[in-house]
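Colleague: From the sequence below, what's the structure:
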Amino acid sequence: MRILTRNTTLEKDRVSGFLAAPPGNAARPGVLFIHHANGNTSEIRENAERLARLGYAAFAVNMFHALGAMGEGQIGLGGPMQQKHKDAEFLKAITDGWNFLVSQPGVDRKRTAAIGYCMGARLAIEFGADTPELRAIVINYPSIRDEQPSDLRPRLGFDTVKTLKCATCLFWGGRDTISPPDMQLRVAGGLMGNGQPFEYHFFHDALHGFVSMETDNHHADLAHRIWPITVDFLDRHVANPLM
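Modeller: Residues are numbered from 1 along each chain as shown. Below is the predicted model of the structure:
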């Protein structure tokens, strides 16, 4: 399928990111990508293009640009940014990205999903809880720690998952040191108990960030394997939902 792509800027579009979509005004579902600690990397933009070729409008929002970071070299910026900015500020950038996405020609705001990675997956949980129109989220190894609420992070993922009203697909690895298995079970238990469709894909030997090619933890085989699972989940719950 032919697609159109473009980079958006704060100056021209009031939101920074990467848009990929089929041409025309035909009705279509939308997917918002929420990036990891290394920023809006090329592989995230490539995945947006892959979904666009399947008929989705996909937008990868750049949270770091929205919060004042300059340039494209954002590897490792997530840690300092999360120590400086409140979750509410990140969520404002994510919401701006979603509003931009659903304003695109043909996008059905009630057939939208979010895909998050690492810090973006953690924030996708909060965004999903705040956005009842969202039909589904895909969360890849969310960076949920065993911590107390704070001024920066007043809500914690293992509690917020209990309030989600959308379908969730969760990918996690057994060797994740940010969110070890006991935390993963806590999060999965909250998702199992919230009354919404939920599927959990656990890979015993995977490290945190196993999808990302920008890290030493990249696991090419697993990254390849979870893509069709993600596409199938989006097809069932977003593009062609049964209800």
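Colleague: list the contacts for the closest residue to Ala223 other than its chain neighbours?
Modeller: Closest residue to Ala223 apart from its sequence neighbours, by CB to CB, 6 or more residues apart in numbering: Val211 at 4.6 Å. Backbone N, C-alpha and C define where each C-beta goes, glycine included. Residues near Val211 by CB atoms under 8 Å, 6 or more residues apart in numbering: 43, 117, 140-141, 171, 218-219, 222-223, 226.
Colleague: can you tell me which of those are in strands?
Modeller: Among the contacts of Val211, the members found in strands (DSSP state E) are 117, 140, 171.
Colleague: can you give me the helices for the protein?
Modeller: With helices called from DSSP state H, the chain shows them at 10-13, 42-52, 63-66, 78-84, 87-102, 119-130, 157-160, 181-192, 220-234.
Colleague: Save these as a markdown table, and put in mean pLDDT and distance to Ala26 too.
Modeller: Shown next, in a markdown table, are the helices of the chain (pLDDT from 0 to 100; distance: least, CB to CB, whole Å):
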| stretch | mean pLDDT | distance to Ala26 |
| --- | --- | --- |
| helix 10-13 | 96 | 22 |
| helix 42-52 | 95 | 13 |
| helix 63-66 | 95 | 30 |
| helix 78-84 | 88 | 36 |
| helix 87-102 | 98 | 15 |
| helix 119-130 | 97 | 26 |
| helix 157-160 | 96 | 35 |
| helix 181-192 | 95 | 33 |
| helix 220-234 | 94 | 18 |
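Colleague: Gly30: which of these is closest?
Modeller: helix 87-102 (4.8 Å; CB to CB).
Colleague: how about the closest one: buried residues?
Modeller: For helix 87-102, burial by neighbour count (16 or more other CB atoms under 10 Å) applies to 87, 89-91, 93-98, 100-102.
Colleague: just to revisit the earlier point, now distance to Ala113 too, for the helices of the chain, in JSON lines please.
Modeller: Shown next, in JSON lines, are the helices of the chain (distance: least, CB to CB, whole Å):
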{"stretch": "helix 10-13", "distance to Ala113": "21"}
{"stretch": "helix 42-52", "distance to Ala113": "10"}
{"stretch": "helix 63-66", "distance to Ala113": "18"}
{"stretch": "helix 78-84", "distance to Ala113": "22"}
{"stretch": "helix 87-102", "distance to Ala113": "10"}
{"stretch": "helix 119-130", "distance to Ala113": "9"}
{"stretch": "helix 157-160", "distance to Ala113": "17"}
{"stretch": "helix 181-192", "distance to Ala113": "16"}
{"stretch": "helix 220-234", "distance to Ala113": "6"}
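Colleague: Pull the number of nearby residues for Tyr200.
Modeller: 15 (other CB atoms under 10 Å).
Colleague: right, and it touches Gly189 too?
Modeller: No - applying CB atoms under 8 Å, one finds Tyr200 not in contact with Gly189, separated by 10.3 Å.
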